[in-house]
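J.: What would the 3D arrangement of this be:
(2 chains)
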Amino acid sequence: MRLLRLRLANFRGIEAREVRFAPVGVTIVSGPNEAGKTSLLEALDLLLGFRDESRDARVRDTQPIGRDVATEIELEAECGPYAFVYRKHFHRNRLTELEIRRPRPERVVGREAHERVDAILRETADLDLWQALRVQQGVALGRPALGAARSLAAALDAAAGGDSTGTAEESLFERVQKEHAALFTKAGKPRGELEEAEREEREASAASAEAHARLRALEADVERAQRLDETLVAEERGRSELAQRALETRKDAEAAEALRGERDRLALGHEAAAGDLRAAEAALRTRELLVAASEERRRERDRLAQASVALAPALEVARAARASREARAREAAERSSAATAARERARSESDRARARHELSRLEAVRRELETARAEDSVAADLLAKTRIDERRLAAIRAAESALVAAWARLEATAPSVSLRALAPGEIVVDGAAVALARDEERRVPVAGSLSLEVPGRLALRVEAGAGGSRVLDALADAERALADRCAEAGVATPAEAAEAELRRLDALRRRESFARLLAARLGGEGRTPRELEDRIEALRARAGDPASGAPEPEAAEGALRDAETALLEAEVARADAERERDAARERAEGLEKQAAESVTKLRVAESELERASADLARARAAAPDDALIVNVRAAQRRAGESERALREIEARLGALDAKAARDRAEVAERAVAGADARLRSCRSERDALQGALGVRAEQGLYESASSAGARHLHAARRLAGLRRRAAAARRLFDALAEARAEARRAYAAPLREGIERLGRYVFGPDFAVELDDDLAVATRILGGVPVPFDQLSGGAREQLALLARVAAAELVARDGDGPAGAMPLVLDDALGYTDATRLAELGAVLAIAGRRLQIVVLTCQPERWRHVGGAHEVRL
Amino acid sequence: MRLLHTADLQLGMTRHFLGDEAQARFTQDRIDVLRRIADVARREGCELVVVCGDVFESNQVARSVVARALEAFATIPLPVYLLPGNHDPLDAAAIWRSPSFSRHRPANVHVLEDDAPVAVAPGVELVGFPWRSKRPAEDLVAAGVARLRPAPPGVTRIGVGHGGLDTLPSRETDARPVALAAAEAALADGRLHYLALGDRHSRTCVGASGRVWYAGAPEPTDFREVDAGNVLVADVTLDRVAVTAHPVATWRFLERTPVDLLGAEDVASFAGWLEAQTGKERTVLRAVLRGALSLRDRETLARALEAAEALFAAVDVDESGLVARPDDADLRDLPIAGFARTAVERLRAESAGAGAAAETARDALALLVQLAGRPA
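T.: Predicted structure coming up:
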């Protein structure tokens, strides 16, 4: 829509006003505050938005106070293909008139005119955008939400290469969103009806499974009951068969038992007969043994008697041999004792010789050590007395040097008196007599004071003054120091100290050499002097009387070796003799013992023979041998008879096997008992099952199972349908949301470019912006520094808002004044926060934009807008 | 001798495709058929009624069903002989031995508990071959007739059996089928004169004798039952059998498969067919839909099916073979542009393919059309 002319009459304080606008470019409407600039805009809103009979407060407010007149608003405008004049009178003489001049001249009045304009506006223009593009005072600081404006969206869509988009799509999107949100949570989880259906399906499934399980359990029990009935019939048949068999086997077992009794009786009889036979046979065997034993005793007695007689000659020979061997052994022992004594004597001599030799050597050592020890004790005494040492000697020497130095200073600094004797004589210097020869010169230093006396003639005193006294004090100190050091060292003079030190060092050396000697003499032997003494004492005892004389050690050793050889030979001879003696003794004693034993054995054998003969005689008196033989034969016959009878009955019993028969009978009876137990448990199980079934069979489980199944099926179908619908809703929502976001992104680019292109006139070449999803400016970037819109200054914000509107309006206008609907950009006292420099730049922006846009600026400070070149100016 | 022969009442039967309300109606109607059977019996002058097994859907049906059934049986002014079948065998949990049954059993109702001939009228004997478990080890009819001697002179003997037949295509049951030859041998040598069978829900005359019949279920239970919904009235004499069928059913299992839907006309014709059905509240409909429809036609179809669902006892429509293919007309008229248009084009491209993603995309488009048409 392009505004061409707006006329007001009786609009609040305005009696009459007409403003013409440039169709393209910038129209600046200026006037002081309260001049009615804003009223122009308001009038336009009222004209387009309200019917002439409206009672709205905004309409009522327009009536001039105290004047009962019509408020008139008349607009001449072009809108798409239309050009028209539209006027309304409010309050009085109400009127709505529309004169359409293009494309077909037409005149419409009243309600119809209002609706027609509405239609034209809806067809060609966009009131949302109209609102968005107007910059109201005070509203300017907010960001216009351009995304909601249909024309803008359409224009941006066109710029992004798509079709136009409008509120219908947004509304559709909202509906899809609602559909989707009814079924899914934000996180994509089912909710509402879908969640309910899922829950119902789960519950119905569980209920159906449970009901079917109960039904199946019942059916299984029915089948079990059936099987139990069949089992019962079979068991009963089996039991009667088993009982029959038990009866038969028991009869067999009883017959076998009777036969066994008879067998046991016969076996007892046979055992008695066999016992009798064994007894008779034993009696006969005993008799035979008695006869044999008696014979054996007699043979033994005879043999022993012969052996005893044969032993006597050998015994005599052995006794003689023993006597001779014993005599020879005694002689050898005596010879051996003599050799032992000789060897002991030789050993003693040899020992004494070695001790004497060692004693003389050790005594020589002791003498040497005694001499050395005397010297050592002299040196030790000296060391004990001496107080000098290296340190003290050094101190004395230092004190001496200090004294010399003091003297030197005295001589150098103190005054001196030179004397020359004119004649030989004696003078006293400081109380000391000094003899002087003729012409002898003497120079006496004056330290402090000097008294000179020529005895009897003259006393002269020279005073050196203070300086001399100090030197003298130093000298006295040095002397005292030297005397102290010497006293500490126990010497009189430094020379004496040096000598004492030399003596001390010599004593030390001597002591060391003694220590070395001691170590060499004693250390070599590994003994202390005390041990040396002990050894000497011991050796002296071993050596015996030195006066008795002794052979040399080597000779004594030789004699000892000879004596030992002789002893060894004597010992061998003695051992041989003793061995022979022992052998002879043993043989003699062995034969003696043998002879004694032989006599003893013979006596025993004779007594045993007597006893055996007596036993036999007694037995034969009781029962002769023949009677025993007859008894055995009778017993043998009886045992044979009883055994035959037993064999016969056992043969009969063996064919019958009584134990097996009894076992069979017992097994058969147990089988019957088992069958009875099975029958009982089977019956009780069947009865229990029957009882339980009776109750459950009446519960109508089929009905509950099948209705639960049907409910589950319905729930599952409902869920499947809902899931399908939910999937569709989700897919549709996703597709729309995705396409919408893409479109938004596509719109964003040209709008941002437009804002940035215009903004660079104002903010410089590094100006950039970021837009949010609603296409509002979110961030301004200058020199790479991003600042959120809300943190910008008021001036910057209103400038950005204006730029956004201009850029949007430019996009809208790109296709000309066509159906897409370019709208005039109205700026009402905008940019109140903006400084002069920026105003100039914004003015240039508006001038550039004005080439394609209708821009209306309402201002009370027209000079602020003088930078807008070529603007059409209107003064109110 | 004139008897009313029926079977497979399947009282207490539930059908998963029925909603709660339709199921209640179905259950009640299966009981109410007994009253119509009573009418037929009275009208046709029958002397007795035999029910050849599967009186109850299960031994575990709700006891209210038993009570109501027995009350309905009481309205039949004739002796009624019930045979335990494979659904309600004479097992440990049998209805026949339950307190609910014995307490409510009317005097005219008898259970054929064994295969001993029962004299039910002068010169008439019934021989039942009851099931004692769900899986009998033998062919009960063959075993039963093997034990029979020929009927005494002048006595008409009617066999009452249950189960599949060895000459007919077998169902999934693992029980031994009835050997037709054994039955026909018994008919030939006068051990039996008529064999009334149950189990097969389709009314069927078996074999060449004309004396072996399946009555079929009096109320249908499923699709693909042939001539269900009748009871038989059989005139049995020693040398002749005449059988007539009498409809008693109120329910219908209606199947239309496949239905090809390729455009608005097909949809309209199918919707019209649905509309034209009578007795919808007792009709179970099954249809397999095939073809491809525009979103708009798909919407029309959905509305027609929605209406049918409200009216029919059950509507089981398999739409998996039906593709909703958005066409230009669907989408061109949508008052949308810009990003929404972009999204639509993408979904459309996605929907052209096959598979779950394409299907979801088609659903998404359908939803879009639906939402766009809805006022904001």
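J.: longest helix of chain A?
T.: Longest helix in chain A by number of residues, with DSSP state H as the criterion: helix A:192-310.
J.: how about the helices in chain B?
T.: Under DSSP H, chain B gives helices at B:20-44, B:63-73, B:99-104, B:140-147, B:180-188, B:264-276, B:295-311, B:328-332, B:338-351, B:356-373.
J.: Which strands and helices lie in contact with whatever helix or strand comes next after the longest helix of chain A?
T.: For helix A:192-310, the succeeding helix or strand toward the C-terminus, using DSSP states H and E, is helix A:312-385. Helix A:312-385 sits against helix A:494-518, helix A:529-543, helix A:553-622, with contacts defined as 3 or more CB pairs under 8 Å, 6 or more residues apart in numbering or on different chains; DSSP states H and E. Backbone N, C-alpha and C define where each C-beta goes, glycine included.
J.: can I get the ones you listed in TSV with distance to residue A:484?
T.: As requested, the helices and strands packed on helix A:312-385 are exported to TSV (distance: least, CB to CB, whole Å):
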stretch	distance to residue A:484
helix A:494-518	13
helix A:529-543	44
helix A:553-622	69
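J.: related to what we said a few turns ago, hey, what's the angle from the longest helix of chain A to helix A:553-622? Just curious.
T.: Helix A:192-310 runs at 90 degrees relative to helix A:553-622, counting by axes from the mean of the first three to the mean of the last three CA atoms, to 10 degrees.
J.: What is the burial count for the residue nearest to residue A:214 when sequence neighbours are not counted?
T.: Leaving aside its chain neighbours, residue A:214 sits nearest to residue A:701 (5.5 Å; criterion: CB to CB, 6 or more residues apart in numbering or on different chains). As a burial measure, residue A:701 scores 24 neighbours (other CB atoms under 10 Å in any protein chain shown).
J.: Please name the residues that touch residue A:701.
T.: By CB atoms under 8 Å, 6 or more residues apart in numbering or on different chains, residue A:701 lies in contact with A:211, A:214, A:215, A:218, B:60.
J.: ok, back up a step: just flag whichever of the helices of chain B has the lowest average confidence.
T.: Here the lowest mean pLDDT among those goes to helix B:328-332, at a mean of 72.
J.: quick one on the thing from earlier: state the pLDDT value of the residue nearest to residue A:214.
T.: Here the pLDDT value assigned to residue A:701 is 87.
J.: can you give me the strands for the stretch 101-250 of chain B?
T.: B:109-111, B:118-121, B:124-128, B:156-162, B:194-198, B:204-206, B:212-214, B:230-236, B:241-247 (DSSP state E, counting those that start in this stretch).
J.: strands paired with the fifth one, and their directions?
T.: Spelled out, that is strand B:194-198. When sheet partners are counted by DSSP bridges, strand B:194-198 sits next to strand B:156-162 (parallel), strand B:212-214 (parallel).
J.: Repeat that for the last one.
T.: Taking DSSP bridges as the criterion, strand B:241-247 pairs within the sheet with strand B:230-236 (antiparallel).
J.: before we move on, the earlier item: now render the helices and strands packed on helix A:312-385 as CSV, adding distance to residue A:828, mean neighbour count and mean pLDDT.
T.: What follows is the helices and strands packed on helix A:312-385, written out as CSV (distance: least, CB to CB, whole Å; neighbours: other CB atoms under 10 Å in any protein chain shown; pLDDT from 0 to 100):
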stretch, distance to residue A:828, mean neighbour count, mean pLDDT
helix A:494-518, 126, 16, 87
helix A:529-543, 138, 14, 80
helix A:553-622, 155, 15, 87
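J.: thinking again about what came up before, out of the contacts of residue A:701, which comes closest to residue A:31?
T.: Among these, residue A:211 lies closest to residue A:31 (CB to CB), at 88.2 Å.
J.: and the closest one, what does it touch?
T.: A:701, A:704, A:705, A:708, A:709.
J.: Of those residues, which belong to strands?
T.: Residues of the contacts of residue A:211 located in strands (DSSP state E): none.
J.: quick one: which two of those are the most distant?
T.: A:701 and A:709 (12.0 Å).
J.: where does the stretch 351-500 of chain A dip in pLDDT?
T.: A:447, A:466-468 (pLDDT under 70).
J.: Show me the helices in it, by range?
T.: Ranges of helices within the stretch 351-500 of chain A are A:390-413, A:465-489, A:494-518, based on DSSP state H, counting those that start in this stretch.
J.: Quick one: those helices as CSV, columns for distance to residue B:370 too.
T.: Output for these, formatted as CSV (distance: least, CB to CB, whole Å):
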stretch, distance to residue B:370
helix A:390-413, 126
helix A:465-489, 133
helix A:494-518, 131
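J.: Tell me which of those lies nearest to residue A:650.
T.: Residue A:650 lies closest to helix A:494-518 among the helices of the stretch 351-500 of chain A, at 120.0 Å (CB to CB).
J.: okay, the angle between the closest one and helix A:390-413?
T.: 160 degrees.
J.: so helix A:494-518 versus helix A:529-543, what angle?
T.: 40 degrees.
J.: Counting by contacts, list what helix A:494-518 packs against.
T.: Applying 3+ CB pairs under 8 Å, 6+ apart, one finds that helix A:494-518 makes contact with helix A:312-385, helix A:390-413, helix A:465-489.
J.: Which residues does stretch A:197-204 contact?
T.: By CB under 8 Å, 6+ apart, the surrounding residues in contact with stretch A:197-204 are A:190, A:708, A:711, A:712, A:714, A:715, A:716, A:718, A:719, A:722.
J.: cutoff 6 Å now
T.: Stretch A:197-204 has contacts (CB atoms under 6 Å, 6 or more residues apart in numbering or on different chains) with A:190, A:711, A:712, A:715, A:716, A:718, A:719, A:722.
J.: Buried residues, it. List them.
T.: Within stretch A:197-204, the residues that count as buried by 16 or more other CB atoms under 10 Å in any protein chain shown are A:197, A:200, A:201, A:204.
J.: Just give me the closest of the residues you listed to chain B.
T.: residue A:204 (11.8 Å; CB to the nearest CB).
J.: and residue 315, how many neighbours?
T.: Picked chain A for this. The burial count for residue A:315: 15, using other CB under 10 Å.
J.: Chain B, not that one
T.: 21.
J.: That one and residue B:307 touch, don't they?
T.: No. Counting by CB atoms under 6 Å, residue B:315 sits too far from residue B:307 to count as a contact (9.8 Å).
J.: what touches both of these two?
T.: Here residue B:315 and residue B:307 have no joint contacts, going by CB under 6 Å, 6+ apart.
J.: any idea what the closest residue to residue A:786 other than its chain neighbours is structurally, helix, strand or coil?
T.: Among residues not flanking residue A:786 along the chain, residue A:779 sits closest, at 4.9 Å (CB to CB, 6+ apart). Secondary structure assignment for residue A:779 (DSSP: H, G, I helix; E, B strand; the rest coil): strand.
J.: Throw the strands paired with strand B:194-198 into JSON lines and include mean pLDDT and distance to residue A:413, thanks.
T.: Converted to JSON lines, the strands paired with strand B:194-198 look like this (pLDDT from 0 to 100; distance: least, CB to CB, whole Å):
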{"stretch": "strand B:156-162", "mean pLDDT": "95", "distance to residue A:413": "167"}
{"stretch": "strand B:212-214", "mean pLDDT": "95", "distance to residue A:413": "171"}
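J.: Counting by contacts, list what the helix or strand harbouring residue A:827 packs against.
T.: Using DSSP H and E, residue A:827 maps to strand A:825-828. Under the contact criterion of 3 or more CB pairs under 6 Å, 6 or more residues apart in numbering or on different chains; DSSP states H and E, strand A:825-828 touches strand A:854-859.
J.: what are the pairing partners of the strand it packs on, and which direction each?
T.: By DSSP bridges, strand A:854-859 pairs with strand A:25-30 (parallel), strand A:825-828 (parallel).
J.: After the shortest one, which helix or strand is next?
T.: Right, strand A:825-828. Going down the chain from strand A:825-828, the next helix or strand is helix A:836-849, by DSSP H and E.
J.: in that following helix, what counts as buried?
T.: Of all the residues in helix A:836-849, those buried under the rule 16+ other CB under 10 Å are A:838, A:839, A:840, A:841, A:842, A:843, A:844, A:845, A:846, A:847, A:848, A:849.
J.: Save the strands paired with strand A:854-859 as CSV, and put in mean neighbour count, distance to residue A:469 and mean pLDDT too.
T.: Shown next, in CSV, are the strands paired with strand A:854-859 (neighbours: other CB atoms under 10 Å in any protein chain shown; distance: least, CB to CB, whole Å; pLDDT from 0 to 100):
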stretch, mean neighbour count, distance to residue A:469, mean pLDDT
strand A:25-30, 23, 120, 87
strand A:825-828, 24, 118, 76
